[in-house]
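In: 3D model of this:
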Amino acid sequence: MSDKEKLIAQECGSSIAESTEYLCKKDKKAKLPWYFASGFLLFWALLFFAVVIPFLYRLPTALTMEDAHRDVFIAERAYKDLYSLSNIGTKMVGSRTNEVEAVEFLLKLLNQIKEDSLKDYFDIEIDVSKVSGAFIYSDLVNMYQGVQNIAVKLSSKNSTSQNYLLVNSHFDSKPETPSAGDAGFMIVTMMEVLRVMSTTKQTFEHPIVFLFNGAEESFLLASHGFINQHKWAKNFKALVNLDAAGSGGREILFQSGPNHPWLVNYYKKYAKHPFGSTLAEEIFQSDALPSDSDFRVLKEHMPGLDMGQVFNGYIYHTKYDTIDVIPRESLQNTGDNVLSLVRGLSNATELYNTEAHKTGHAVYFDFLGLYFFHYSDATGKSLNFAFAGTALVLVLISMWRMAAVSQVSVCYVIRLFIMVQVMQIISFVLGFAFPIVVANAMDSFGLSLTYYSNLLLIIGLYVCPSLIGLSLPITIYYSLQCNKKISSPYHLQLALHSQASILAVLAIVLTVSGIRSSYIFTIPLIFYVIALGLNLMTILHDLGYAWTGLLKVSQIIPFLYSSYLFYLFIVVLTPMVGRSGSAFNLDMAIAVLTALGTVLSFGFLVPLINTFRRPSLVIFSLLAATTLAIYLASSTQIGFPYRPKTSGHRVAFLHVRNRFYEYDGSLSKDESGYLFNYQDRREENALKGTNVNLTGLVSIKNNCYSHMMCGMPLFDFRYVDNRFQSKWLPREVPLELPGSTKLELLSKTVLNSTTVRFEYSFDGPAQMNLFFQPYEDVKITKWSFLSEYLESPPSYPLSYHVCINYGIDKPPLKFFLEITKSNGNFKVPLFQMGVSAHFIGYKHDAESEKFKKSFPSYAILADWASSYDRYIY
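Out: I've put the predicted structure just below:
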């Protein structure tokens, strides 16, 4: 190379270096000062606190008796009914309060409504029925005797329709709760709807049956008996089911159909205060939640809508579920919706032939309670595919535009995009990983549920780490690079294109998988597509950071919706899933849920911190907020999960007397103690340092492999499911049971060379259990209970389990077993039988009362005396 050529090359290199340095400085100057970043973050925080939270809790004005002439739902009147109903107290199935007092109270109201009705317009028929039956629920046979239903049929005089609309709720309760919210709230709502409709000169086409059922809390007994045995059962064509997993606030539509989207269309048309989500439906139907409703039973016979109270789940099924925590405005909200919806459905032409309208699932959701969106599953798939595809196409067009303006090849821009895409995927993963790490660390140190009473801690514990994860990789990347061919604004657009590509792929994959909730990924994508399209149609796309203006505006609605949706789920699921048992790590679930909400709310916003100088200051601020939250959660009283009355520590335990009888009838074991069924992750650790003496507390897990059903009176499927986490605290003083059971062997008859028949009589309180476990080479081939249960028995180490609930009738239970043994030797032990009785609502002995009083004020006890007797036959 000649000296002249070398000189030219040096000058060119120097010129390029100077040009690159100039471009870098120019990009930095184009950025806003670092202190504007705080205003950027503050705007979104204010949007959340000033818009999302108020709209989530917004309720209508409660109407009074002065408005009664308007033929509308009157919250004041319903509130008075609720006051009287909740004052009856605990209404456990089989108790006098449930079977006599509550029934008499409801019949008194209903007869008065019938008396006051417009008899020239309507007919009212009141039917009280008792039902008995059995069905398989979880791994047990659910058997019931004499549970009660009150059904009221309201029909127009001129109606000839034999197609009925069913409106259902329950008036029974769990132990030790006045059940004002679950579900006295819905009972009085139904009562007021019936009252208004029967006194309004507005007829309707189809008869309406209001079912006040008296046994839902004991595993959906009354609704099962009603729909399988009642004289009107064959006429029901649609259902509105009303229940509660909380108290106060707005009720949510959380199940629909199945496969009848026209019902959601009626909800959209008639609900005055719409509130619902397909995501809530899919979560509930995944059986991941410790709740159930009559909808499970009734939907097998007709399509319907399932609506329920979900706020303030902290007091659900506790003694604090009182009328004091229920605002009249909440009753007005639900009453307005139910009255209007029932009026609409009672005139629905679809009830004449519901099968003709069975056209698939629906996708539905509300936006801040202001508008309700609803479309078919097929339409949802089309929308998801269309916007995901449009997003990918626009991203390609944008990259072509960048290449043309920057005078580089498209391939060069695509290679750069791939590199940025990798960084964005890492950011996406870290957005989930960092909150999960925090949750796992807190749980490992025994600090679960620190946010339980202070949900704002979630912002520092999980939201901020998620934002750090989303911002850190891309911020580091941009701080280290200064591309001489592509400007920083274009680089930043590539990051957002990468985020759009991730959401598009997720929307496509989830849609193909049949997940209707994939719409949550499409919503932010839609508005990004709009902003990108507008930027491409103007010069904003290529005018430095000017394109960010449209982007910020476009993300307001996705931010509002995503933060609204996921804050709702955090508010609802924290107390609800917090009682799922100690094996479930709620912190992990909340961390993932929060991370998903953060990614959808801020996914297109977080990279924009790179439009400010010193974006690392934002990351350090987020890190400081996380550090402060961890300190408050771990080292101060703010992080202690429980508070008296408002968010207590649920402590479920049985006062137990266990007796083991051998084959010869001798008593080999007689022990007393307390069986703890832990409701949350902290187990007994929440009671350490209090007056509760837990000396001698041991796990029963080993007993579950050596004894039938752990040798304990496992009350229901929840006790069974949590048995490996349950613990036993022995007591020295034998438990004095408040009642007794009587098991009598009536006969033992050899039927043939391999089969013997045992007949028994069993008597005791309203709630009892039977357990059976044949020995080796022995099989139960026939019995009094459901035969299909014998054909598909529970898996080892579980035994045959029959759960018995009595309503108003309590005759001794007569049952038989037919046992088959191949060698025909019936003079040896053939099987074990366990009988347990649960004395719910009875008084405790002095030792138990003393033990109960030792619990701290924040403890909410769910306890009663139980007996377990093991026999060998």
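In: Where do the strands of the stretch 551-700 of the chain begin and end?
Out: All strands of the stretch 551-700 of the chain, identified by DSSP state E, counting those that start in this stretch, fall at 649-661, 667-678, 698-699.
In: for the chain, which helix is longest?
Out: Counting by DSSP state H, the longest helix found in the chain is helix 410-444.
In: just how off-centre is that one within its chain?
Out: 29 Å (Cα atoms, centre = their mean, to the nearest Å).
In: where does this protein dip in pLDDT?
Out: 1-30, 482-484 (pLDDT under 70).
In: what sits against E281?
Out: Counting by Cβ atoms under 8 Å, 6 or more residues apart in numbering, E281 touches F254, Q255, S256. (C-beta placed from N, C-alpha, C; glycine too.)
In: Next one: G673 from K727, what distance?
Out: Per Cβ to Cβ, to the nearest Å, G673 is found 10 Å from K727.
In: Could you export the contacts of E281 as CSV, including distance to F839, secondary structure and neighbour count?
Out: Shown next, in CSV, are the contacts of E281 (distance: Cβ to Cβ, whole Å; DSSP: H, G, I helix; E, B strand; the rest coil; neighbours: other Cβ atoms under 10 Å):
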residue, distance to F839, secondary structure, neighbour count
F254, 35, strand, 28
Q255, 35, strand, 22
S256, 40, strand, 26
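In: neighbours of T160, just the number please.
Out: Neighbour count of T160, defined by other Cβ atoms under 10 Å: 7.
In: give me the element it is part of.
Out: Using DSSP states H and E, T160 is not contained in any helix or strand.
In: and it, what are its phi and psi?
Out: For T160, the backbone dihedrals are phi -110, psi 0 (criterion: degrees, to the nearest 10).
In: End to end on stretch 686-693, go ahead and measure it.
Out: With Cα to Cα, to the nearest Å as the measure, stretch 686-693 spans 13 Å from end to end.
In: Check which residues of it are buried.
Out: Neighbour-count burial for stretch 686-693 flags A686, L687, V692 (criterion: 16 or more other Cβ atoms under 10 Å).
In: in the stretch 201-350 of the chain, which spans are strands?
Out: Under DSSP E, counting those that start in this stretch, the stretch 201-350 of the chain gives strands at 208-213, 236-244, 251-257, 304-309.
In: for F758, what are its contacts?
Out: Here F758 is in contact with L745, S747, K748, F816, L817, E818, I819, Y873 (criterion: Cβ under 8 Å, 6+ apart).
In: swap that for V413, please
Out: M399, W400, M402, A403, S406, I486, L494.
In: And those, which of them are buried?
Out: M399, M402, A403, S406, I486, L494.
In: Looking at these, which are in strands?
Out: Judged by DSSP state E, strands contain none of the buried ones among the contacts of V413.
In: a markdown table for those residues, including distance to T203?
Out: As requested, the buried ones among the contacts of V413 are exported to a markdown table (distance: Cβ to Cβ, whole Å):
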| residue | distance to T203 |
| --- | --- |
| M399 | 64 |
| M402 | 66 |
| A403 | 69 |
| S406 | 72 |
| I486 | 71 |
| L494 | 64 |
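In: Most widely separated two among the contacts of F758?
Out: Among the contacts of F758, the pair separated by the greatest distance (Cβ to Cβ) is L745 and E818, at 14.5 Å.
In: Of those two, which one has the most company?
Out: E818 (16 against 12).
In: Correct me if wrong, but the more buried one is in a strand.
Out: Yes. Assessed by DSSP: H, G, I helix; E, B strand; the rest coil, E818 belongs to a strand.
In: gap between it and M186?
Out: 44 Å.
In: circling back to that earlier point, out of the buried ones among the contacts of V413, which one sits closest to K850?
Out: Relative to K850, and with distances defined as Cβ to Cβ, the nearest of the buried ones among the contacts of V413 is L494, at 69.7 Å.
In: Burial-wise, tell me which of the strands of the stretch 551-700 of the chain comes out on top.
Out: Mean neighbours per residue, mean count of other Cβ atoms under 10 Å, is largest over the strands of the stretch 551-700 of the chain for strand 649-661, with a mean of 22.
In: Serialize the contacts of E281 to CSV and add fields for distance to D845.
Out: Below are those laid out as CSV (distance: Cβ to Cβ, whole Å):
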residue, distance to D845
F254, 43
Q255, 44
S256, 49
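In: ok, so of those, who is nearest S179?
Out: Distances from S179 to the contacts of E281, taken by Cβ to Cβ, are shortest for F254, at 19.8 Å.
In: The closest one contacts L289, doesn't it?
Out: No. Contact criterion Cβ atoms under 8 Å: F254 and L289 do not qualify, at 9.9 Å.
In: D777: how many residues sit nearby?
Out: Considering only other Cβ under 10 Å, D777 is surrounded by 11 other residues.
In: And for A495?
Out: 25.
In: so how far is S498 from the closest residue to it other than its chain neighbours?
Out: Distances taken as Cβ to Cβ, 6 or more residues apart in numbering put P607 closest to A495, at 4.6 Å, once the chain neighbours are dropped. Taking Cβ to Cβ as the measure, P607 falls 9 Å from S498.
In: More neighbours: these two, which one.
Out: Neighbours were counted for P607 and for S498 using other Cβ under 10 Å; P607 has more, 28 against 24.
In: Let's verify V463: helix, strand, or coil?
Out: helix.
In: check contacts around it.
Out: Counted by Cβ under 8 Å, 6+ apart, V463 has contacts P435, T594, T598.
In: Just name the closest of the residues you listed to R415, please.
Out: T598 (30.1 Å).
In: and stretch 321-337, which residues are buried?
Out: Quick answer for stretch 321-337 (16+ other Cβ under 10 Å): 321-323, 325-326, 328-337.
In: ok, those residues vs D777, which is closest?
Out: D321 (50.5 Å).
In: Hmm, the closest one is touching A183, no?
Out: No. Taking contacts as Cβ under 8 Å, D321 lies outside contact range of A183: 10.1 Å.
In: next structured bit after the helix or strand where E115 lies?
Out: Using DSSP H and E, E115 sits within helix 103-116. Toward the C-terminal end, the helix or strand that comes next after helix 103-116 (DSSP H and E) is strand 122-137.
In: And that next one, what does it pack against?
Out: helix 103-116, strand 140-156, helix 185-198, helix 221-229 (3 or more Cβ pairs under 8 Å, 6 or more residues apart in numbering; DSSP states H and E).
In: where's that strand relative to the chain centroid, distance-wise?
Out: The answer for strand 122-137 is 28 Å, by Cα atoms, centre = their mean.
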